[in-house]
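Undergrad: sequence and predicted structure are below.
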Amino acid sequence: MPDDAPKSSFELAMERLRKKDRETGVEERSLSAEQRAAIADVRKIYEAKLAEREILYHSSLRKARDPEAASVLEEEYRRDRERINSERDRKLEEARHL
């Protein structure tokens, strides 16, 4: 894109972020093929774990007889999702720094 062409707000925001990164010393580097493959594997595994947990939650919820039991199940489901997402994020960071 020529320098004199109008820029979208997204492009302007990205330019500001890149400038800020350069000023603070953040180095931009692209991921290797190995890192991209590892990241894809982690995402696939944790997407499956979340789907499995959701299926188990809905199955248990259908069996719950009272609102209190349903509330407990919902809280467990929320905690499990947070734990799984946290594990996924940690594994993604590890994959990015291979």
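TA: Here it is on my side, so go on.

Undergrad: when you work out contacts or count neighbours from here on, use the C-alpha atoms and nothing else.
TA: Noted.

Undergrad: pLDDT on stretch 9-20, on average?
TA: Averaged across stretch 9-20, the pLDDT comes to 90.

Undergrad: check contacts around Ser60.
TA: Contact analysis of Ser60 by C-alpha atoms under 8 Å, 6 or more residues apart in numbering lists Leu73.

Undergrad: helices of this protein, start to end?
TA: Counting by DSSP state H, the chain has helices at residues 9-24, 33-63, 67-96.

Undergrad: which of those helices has the lowest mean pLDDT?
TA: helix 9-24 (a mean of 89).

Undergrad: pull out the buried residues from it.
TA: Judged by neighbour count (16 or more other C-alpha atoms under 10 Å), helix 9-24 contains no buried residues.

Undergrad: what's the answer for stretch 57-66, then?
TA: In stretch 57-66, counting by 16+ other C-alpha under 10 Å, buried: Tyr57, Leu61.

Undergrad: what about it, distance to the chain center?
TA: Mean-position distance between stretch 57-66 and its chain equals 28 Å (C-alpha atoms, centre = their mean, to the nearest Å).

Undergrad: what does stretch 28-47 give?
TA: Relative to the centre of its chain, stretch 28-47 is centred 12 Å away, using C-alpha atoms, centre = their mean.

Undergrad: what sits up against that stretch?
TA: With C-alpha under 8 Å, 6+ apart, stretch 28-47 has contacts from Ile84, Asn85, Arg88, Lys91, Leu92, Ala95, Arg96, His97, Leu98.

Undergrad: of the residues you listed, which is the nearest to Ala69?
TA: Ile84 (22.4 Å; C-alpha to C-alpha).

Undergrad: isn't the closest one up against Ala51?
TA: No. If you go by C-alpha atoms under 8 Å, Ile84 and Ala51 don't touch, sitting 10.9 Å apart.

Undergrad: more neighbours: which of those two?
TA: The neighbour count for Ile84 versus Ala51, taken as other C-alpha atoms under 10 Å, is higher for Ile84 (17 against 13).

Undergrad: what separates that one from Arg43, distance-wise?
TA: Shown here: Ile84 relative to Arg43, a distance of 11 Å by C-alpha to C-alpha, to the nearest Å.
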